[in-house]
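Trainee: Give the three-dimensional model of this entry:
(2 chains)
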Amino acid sequence: MSTLEHRYQLLVRLFYPAGYRHEREAEIVGTYLELAPPGKRRPSPRDVADLATGGARQHLRATEVTELRPGLRLAGLLAMATATALAAIWAVVESAPLPPDITWEIPRFGPFSSLGAIVWAVWLLAAFLFSVRPQWSRAAIGVALLATVAVVPLSAVTGVYRPPLYVLLPQFALGFLALGTGRLSLIERLLPLAAGAAAAAISRPGFDYAIGYLGESGTYTMTATGLILLAVAIAIAVGLGVTGHGRGGWALLILLGPIGLITLQELTRTLTGNLYGEWNVTYSSLAATAVLVTVAGAGLLLLALGLQRRLTVHTRCEACGSPVRGAQRYDRTHT
Amino acid sequence: MACTPVQLGHSLAGFHYTLAADILRDVETPLREPTFLILTALAGEPLHGYGLITEVSRLSDGRVTLRPGTLYGALDRLVDAGLVEVDHEEVVDSRLRRYYRLSEQGGQTLVEETERMRRNVEAATERLRKIPRLNEGWA
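Mentor: So this is what the prediction gives:
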């Protein structure tokens, strides 16, 4: 065995799942060797990148990616709808006047209560482009994510108020997830705009004054939004599960982390509460809960992926090479 | 062992890959150029990995250069979708060569895709003929 062949083998073993290596290692390495010019001694960086990408794809395939990828798209769509609904609610809050009993001077951003007005305007624009110009949706969401992050240092520099971190953080998580939606039908693309319009219409009478971020109204808004998203995700998971499709379940698992971040205040109250109904929501306890929620959400998803991988039988049809996954599908498609 | 690969939705020409369509098919239409070229390459004769890479490069005048990691990922998708089948295996210079061929369903998809592209080319050509400054060099 040549040095080059040995190095390609090492890379395949490093990047690809064991079952797939058993099936394809000799074929992949053989093709690389046939393509290699005489005298080549080591794989090029492009070879390494190609094998790393191919290996990552196979790891996903090994976990029944046919259900996971649609699950990610569904989760992204629901996340975009929720992000738009929240942006619409907070835009209503930003445009509300100060309560009349506040007589001292509070720094405002023109007619709006904080720099959040810019952030929510960018998010609503992103939702509009998501619906009518899908080819621009990722760029628009990227700009919205940037605005969500940039408002923090901008507020520190200018001294103008901004939305609290427990509002910005879930918005960022939802937007990041929305990047994974991919191509959608027109009806699917219109869902975020419909959610935003409905949220604004419902919340408008509830926010007479610009105090929505703070106090009970802010906590109530976030908690209600998180619970609605959870209920919708569970309903879809059950509905699709009954018909034998797993993508709703994957979408629910993917959304658990962001839902935890949306309901961060309520979760922190629950975690820090005592028997007398008193709680201790501080910056540190909120940060600790956010870390806990993120780790738990990612852990549950990884656990589910691992279980799926263990429970799935992977073989290929000897006659045509088609994959056969699980006894039930084997019975239905291979006779 | 007789074998019937999963056949879902491939007769629906022009059926775009959306969230709703996710459940129906693994290979989106219109086909991406590398996928189209792989199917075209296999329409001639069964080919192994290296043969496919060189044939795709030749068909595209060198514009599309597949790398093995990418090629085998694409082949897996096409085999899963029932468009490509394993033809036979052989060992040459102690290296395994697995040959792939176009399935009947793959041939039908390639015909539909080629017809769709031909109609687009005809429509574009017809429009371009009406613009004199763009018409130079056209037959």
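Trainee: Chain neighbours aside, what residue packs nearest to the closest residue to chain B within chain A?
Mentor: Proximity of chain A to chain B (CB to the nearest CB) peaks at residue A:54, 2.9 Å away. From N, CA and C alone the C-beta is placed, and that goes for glycine too. Once flanking residues are discounted, residue A:54 sits nearest to residue B:69: 2.9 Å by CB to CB, 6 or more residues apart in numbering or on different chains.
Trainee: Wait, a helix at residue A:183?
Mentor: No. Using DSSP: H, G, I helix; E, B strand; the rest coil, the assignment for residue A:183 is coil, not a helix.
Trainee: so it makes contact with residue A:134?
Mentor: Yes. If you go by CB atoms under 8 Å, residue A:183 and residue A:134 touch, sitting 7.1 Å apart.
Trainee: intersection of neighbour lists for those two?
Mentor: Here residue A:183 and residue A:134 have no joint contacts, going by CB atoms under 8 Å, 6 or more residues apart in numbering or on different chains.
Trainee: what does the domain assignment say about chain A?
Mentor: A:3-61, A:66-294 (automatic domain parsing).
Trainee: quick one: average confidence on the shortest one?
Mentor: Average pLDDT, domain A:3-61: 88.
Trainee: quick check, distance from that domain to the centre of its chain.
Mentor: 31 Å (CA atoms, centre = their mean, to the nearest Å).
Trainee: now stretch A:159-167
Mentor: On the basis of CA atoms, centre = their mean, stretch A:159-167 sits 22 Å off its chain's mean C-alpha point.
Trainee: what sits up against that stretch?
Mentor: A:86, A:90, A:106-109, A:113-116, A:119, A:151-152, A:154-155, A:168, A:213-214, A:218, A:222, A:264-265, A:286, A:290.
Trainee: about what we covered before: helix or strand: which one has the residue nearest to residue A:54?
Mentor: Following DSSP states H and E, one finds residue B:69 within helix B:68-80.
Trainee: Using PDB, list the CA coordinates for that helix.
Mentor: Backbone C-alpha positions of helix B:68-80 (Å, rounded to 0.1, in the frame of the first residue of the first chain) are rendered in PDB as follows:
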ATOM      1  CA  PRO B  68     -15.100  11.800  -5.100                       C
ATOM      2  CA  GLY B  69     -16.700  12.800  -1.700                       C
ATOM      3  CA  THR B  70     -19.300  14.900  -3.600                       C
ATOM      4  CA  LEU B  71     -19.800  12.300  -6.300                       C
ATOM      5  CA  TYR B  72     -20.600   9.400  -3.900                       C
ATOM      6  CA  GLY B  73     -22.900  11.600  -1.900                       C
ATOM      7  CA  ALA B  74     -24.800  12.400  -5.100                       C
ATOM      8  CA  LEU B  75     -24.800   8.800  -6.200                       C
ATOM      9  CA  ASP B  76     -26.300   7.800  -2.800                       C
ATOM     10  CA  ARG B  77     -29.100  10.200  -3.300                       C
ATOM     11  CA  LEU B  78     -29.800   9.100  -6.800                       C
ATOM     12  CA  VAL B  79     -29.700   5.400  -5.800                       C
ATOM     13  CA  ASP B  80     -32.000   6.200  -2.900                       C
END
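Trainee: and the residue in chain B that chain A sits nearest to, what is it in contact with?
Mentor: For chain B and chain A, the shortest gap (CB to the nearest CB) falls at residue B:69, measuring 2.9 Å. Counting by CB under 8 Å, 6+ apart, residue B:69 touches A:28, A:50, A:51, A:52, A:53, A:54, A:55.
Trainee: In the chain, what residue spans correspond to helices?
Mentor: No chain was given, so I picked chain A. Secondary structure of chain A, counting by DSSP state H: helices at A:3-15, A:18-35, A:45-61, A:65-95, A:116-132, A:137-158, A:165-178, A:186-203, A:215-242, A:247-262, A:264-272, A:283-311, A:327-333.
Trainee: looking at chain B here, not the other one
Mentor: B:19-22, B:33-44, B:49-59, B:68-80, B:104-129, B:132-135.
Trainee: Report how many residues lie close to residue A:15.
Mentor: 21 (other CB atoms under 10 Å in any protein chain shown).
Trainee: Find the least confident helix or strand in chain B, judged by mean pLDDT.
Mentor: When each helix and strand of chain B is scored by mean pLDDT, DSSP states H and E, helix B:19-22 comes last, with a mean of 42.
Trainee: if you average pLDDT over the helix holding residue B:69, what comes out?
Mentor: Rounded mean pLDDT across helix B:68-80 is 89.
Trainee: Counting neighbours, which bits of that helix end up buried?
Mentor: Using 16 or more other CB atoms under 10 Å in any protein chain shown as the test for burial, helix B:68-80 gives B:68-80.
Trainee: Next, report how far it is displaced from the centre of its chain.
Mentor: How far helix B:68-80 lies from its chain's middle: 11 Å, per CA atoms, centre = their mean.
Trainee: pLDDT below threshold where in chain B?
Mentor: Residues of chain B that meet the criterion pLDDT under 70 lie in B:1-29, B:135-139.
Trainee: what separates the residue nearest the centre of it from residue A:128, distance-wise?
Mentor: When CA atoms, centre = their mean is applied to chain B, the residue found nearest the centroid is residue B:36 (2.6 Å). Distance, residue B:36 to residue A:128, by CB to CB, to the nearest Å: 34 Å.
Trainee: Could you report the pLDDT at the residue lying closest to residue A:271 once chain neighbours are set aside?
Mentor: Using CB to CB, 6+ apart and skipping the chain neighbours, the partner closest in space to residue A:271 is residue A:289 (5.9 Å). If you check residue A:289, the pLDDT there is 92.
Trainee: Pretty sure residue A:289 sits against residue A:269.
Mentor: No. Look at residue A:289 against residue A:269 with CB under 8 Å: they stay out of range, at 9.4 Å.
Trainee: Comparing the two, which residue is more hemmed in?
Mentor: The neighbour count for residue A:289 versus residue A:269, taken as other CB under 10 Å, is higher for residue A:289 (24 against 19).
Trainee: what's near enough to touch the more buried one?
Mentor: Contacts of residue A:289 (CB under 8 Å, 6+ apart): A:264, A:267, A:268, A:271.
Trainee: Count the neighbours of the second one for me.
Mentor: Taking other CB under 10 Å as the neighbour definition, residue A:267 ends up with a count of 22.
Trainee: Quick check: which ranges of chain A have low pLDDT?
Mentor: Where chain A drops to pLDDT under 70, the residues are A:1, A:62-66, A:98-107, A:204-212, A:275, A:277, A:279, A:309-335.
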